[in-house]
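Engineer: Generate coordinates for the sequence data below:
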Amino acid sequence: MKLRPLHDRVLVKRVESEEKTTGGIIIPDTAKEKPMQGEVLAVGAGSRGEDGKVTALDVKVGDRVLFGKWSGTEVKIDGDELLIMKEADIMGVLE
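Structural biologist: Have a look, this model is predicted:
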């Protein structure tokens, strides 16, 4: 199934975090925090201004982004856990 976000929303898949620390200690699943990085899978058309014009989003499909720990709404599509969030919830694009 494909999902196309509306307006200024973005569909993001979290990037899995490291399972070991830099010292080599393995982190169990119960102690892991949710990663705050993800890959953009789909973007909406953009936000509509007061003048009626649509402003395109700054992020595009394939970008690796950094977002807040509690940003977005979690959805499950075809067994994958994804996030739908507004572009404003994205803090930056990793290059």
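
Engineer: Partner strands of the helix or strand bottoming out on mean pLDDT in the chain and their direction?
Structural biologist: The least trusted helix or strand in the chain, going by mean pLDDT, DSSP states H and E, turns out to be strand 47-48, with a mean of 82. Within its sheet, and counting by DSSP bridges, strand 47-48 is paired with strand 54-55 (antiparallel).

Engineer: Output the helix or strand where K76 lies in PDB, but only the C-alpha positions, please.
Structural biologist: Assigned by DSSP states H and E, K76 belongs to strand 73-77. Only the C-alpha atoms of strand 73-77 are listed here, as PDB (Å, rounded to 0.1, in the frame of the first residue of the first chain):
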ATOM      1  CA  THR A  73       2.100  10.200  14.900                       C
ATOM      2  CA  GLU A  74       3.100   6.600  14.700                       C
ATOM      3  CA  VAL A  75       1.300   4.500  12.100                       C
ATOM      4  CA  LYS A  76       1.700   0.900  11.000                       C
ATOM      5  CA  ILE A  77       1.500   0.300   7.200                       C
END
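
Engineer: now for that strand, which elements pack on it?
Structural biologist: Here strand 73-77 touches strand 80-86, going by 3 or more CB pairs under 8 Å, 6 or more residues apart in numbering; DSSP states H and E. All C-beta spots, glycine's among them, are computed from the backbone N, C-alpha and C.
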